[in-house]
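*Asks:* give me the fold of what follows.
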Amino acid sequence: MSYIVNNRIHVNPGFEDEFEARFRARAGQIDQQPGFVAMRVLRPQGNQAPYVVETEWESQQAFRDWVGSDDFRRAHADPLPPEATAEGGGIEQFEVVEGTVAGAIR
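*Replies:* Okay, the predicted model is just below:
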C-alpha cells in the first residue's frame, strides 16, 4: 500500500499568494522522483486552519530517498520569510491500510 506524508503549514494573512505560487512554480519537478505517486496542496477553508501539503509515495523508503535528494534540497533552499508562517503544524506520516478509488474494479 501507499505511504502518505502531510505537512501542515500555518500561513499568515497576506502570504497566501506567495505560498501557493511557490508550489505552482515547482509543479512537475517532484513527479520525477522514484516512488512518487501524487501531491496535493490543500488551501484551508476555515478560520486558522493550516494549509496541508499532501504527498503520496509507493513506500516510506521512497519518501526518505526524496528527502535525501538534491531536488529536495533545491526545493527547500529559498524558504518563505519567517513572518510568513506561524507556529504549529508539522509533518504527519501514514501508512495506508485500506483505500478505494472511484470507478475501481476489484
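
*Asks:* on the three-state scheme, Val5 is what?
*Replies:* Going by DSSP: H, G, I helix; E, B strand; the rest coil, the secondary structure assigned to Val5 is strand.

*Asks:* and it, how far from Glu56?
*Replies:* Distance, Val5 to Glu56, using CB to CB, to the nearest Å: 8 Å. Any C-beta I mention is one placed from the backbone N, CA and C, and that applies to glycine too.

*Asks:* and for Arg22?
*Replies:* For Arg22, the distance to Glu56 (CB to CB) stands at 20 Å.

*Asks:* quick one, which of these two is more surrounded?
*Replies:* Glu56 (18 against 14; other CB atoms under 10 Å).

*Asks:* what about that one, which helix or strand?
*Replies:* Assigned by DSSP states H and E, Glu56 falls within strand 51-57.

*Asks:* contacts for that strand, please.
*Replies:* By CB atoms under 8 Å, 6 or more residues apart in numbering, the list of residues contacting strand 51-57 from outside reads 2-11, 19, 23, 30, 35-44, 63, 66.

*Asks:* what does stretch 77-92 give?
*Replies:* By CB under 8 Å, 6+ apart, stretch 77-92 touches 5-12, 15, 18-19, 22, 50.

*Asks:* I'd like these as JSON lines, with pLDDT and distance to Ala75 appended.
*Replies:* Shown next, in JSON lines, are those (pLDDT from 0 to 100; distance: CB to CB, whole Å):
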{"residue": "Val5", "pLDDT": "98", "distance to Ala75": "14"}
{"residue": "Asn6", "pLDDT": "98", "distance to Ala75": "17"}
{"residue": "Asn7", "pLDDT": "96", "distance to Ala75": "12"}
{"residue": "Arg8", "pLDDT": "96", "distance to Ala75": "17"}
{"residue": "Ile9", "pLDDT": "95", "distance to Ala75": "14"}
{"residue": "His10", "pLDDT": "94", "distance to Ala75": "20"}
{"residue": "Val11", "pLDDT": "94", "distance to Ala75": "17"}
{"residue": "Asn12", "pLDDT": "94", "distance to Ala75": "21"}
{"residue": "Phe15", "pLDDT": "95", "distance to Ala75": "18"}
{"residue": "Glu18", "pLDDT": "94", "distance to Ala75": "15"}
{"residue": "Phe19", "pLDDT": "94", "distance to Ala75": "14"}
{"residue": "Arg22", "pLDDT": "89", "distance to Ala75": "9"}
{"residue": "Pro50", "pLDDT": "95", "distance to Ala75": "19"}
